[in-house]
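In: I need the structure of the sequence given here:
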Amino acid sequence: MVRVSLKVTLEGEHRRVALKEVTMKEVERVVAAMYNMSKNEYVLSYVDEEGDKIVVASDLELEECLELSNVPNLIRLNLEKKGPVGSLLDYRSPSLEHPFLAVSCPQPFPALNISSQPHPMHPEAAWWDFDANEEEKKEEVKKEEVKPAGLLLPFIESIQALPSAPAEEEVKEEEVKEEEIDEERAAIMKILLSFGFEEAAVKMVVM
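Out: Just a heads-up that it's a prediction; the model follows:
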């Protein structure tokens, strides 16, 4: 009958014993006898040919470890003590066996500093402010249309100096003068329009 040995390493200390059978139950019995530890207090593992750490927890995994051993009939295992519940050394903690149970606690929302936030404007106040601004803009536009530019002043003075149109009952000579005045006003309007003034503003000044 082939004899299989178990070599256990704990914190740099090596211990070797013979196994009666290659089963996890036998390994757990041997570990309990050597270290006085139950199977819930430690984790057994080995390093495979690719350099990865493999945890042993079943008979099939134990047999695989034996087959990969570079020494015939020798099982090399590293024994690691489990830390407190919830630590990273607890390989069988619920969060690892059931990843969906590892739910992180949501962080509380930061306190909102109300004093630093802009105060919302009441809807009625907002509309009133909007209407007031619109009225101011309309008044400014009207003033710009009515207010003549400095270039218009000489023409205004010349128009004001013109004689007023005679009444209908006046003589024919006065009608001729009125036509001349209209022609002169038309000429002035033409000049003002050529400067780029709006027609409405020019008419208000000339007429």
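In: ok, and for stretch 24-38, which residues are buried?
Out: 24, 26, 27, 30, 31, 35, 37 (16 or more other CB atoms under 10 Å). C-beta: built from backbone N, CA, C; applies to glycine.
In: between those residues, which is nearest residue 17?
Out: For the buried residues of stretch 24-38, the minimum distance to residue 17 (CB to CB) is 5.5 Å, reached by residue 30.
In: Let's verify that closest one: helix, strand, or coil?
Out: helix (DSSP: H, G, I helix; E, B strand; the rest coil).
In: neighbours of residue 15, just the number please.
Out: 14 (other CB atoms under 10 Å).
In: Surely it touches residue 31?
Out: No. Look at residue 15 against residue 31 with CB atoms under 8 Å: they stay out of range, at 9.4 Å.
In: what's the overlap in contacts for those two?
Out: Contact with both residue 15 and residue 31 is made by residues residue 8, according to CB atoms under 8 Å, 6 or more residues apart in numbering.
In: Out of the buried residues of stretch 24-38, which is nearest to residue 69?
Out: Set against residue 69, the nearest of these by CB to CB is residue 27 (14.2 Å).
In: separation between that closest one and residue 186?
Out: Separation of residue 27 from residue 186 (CB to CB, to the nearest Å) stands at 120 Å.
In: Then residue 192?
Out: 11 Å.
In: And these two? Which one has more around it.
Out: Relative neighbour count places residue 192 above the other of residue 192 and residue 186, with 22 against 11, counting by other CB under 10 Å.
In: where does that one land in three-state SS?
Out: Three-state call for residue 192 (three-state DSSP): helix.
In: Ok, residue 7 next?
Out: strand.
In: repeat for residue 80
Out: Following three-state DSSP, residue 80 is assigned to strand.
In: separation between it and residue 37?
Out: Using CB to CB, residue 80 is found at 11 Å from residue 37.
In: same question, residue 20
Out: Taking CB to CB, one finds residue 20 at 19 Å from residue 37.
In: Could you do residue 81 as well?
Out: 8 Å.
In: Next, show the common contact partners of these two.
Out: Counting by CB under 8 Å, 6+ apart, residue 81 and residue 37 have no common neighbour.
In: Report pLDDT for residue 22.
Out: We have a pLDDT of 91 for residue 22.
In: That should have said residue 175, apologies.
Out: 75.
In: Please apply the same query to residue 148.
Out: Reading off the model, residue 148 has pLDDT 51.
In: Kindly report the same for the one 4 residues further on.
Out: Residue 152 carries a pLDDT score of 63 in this model.
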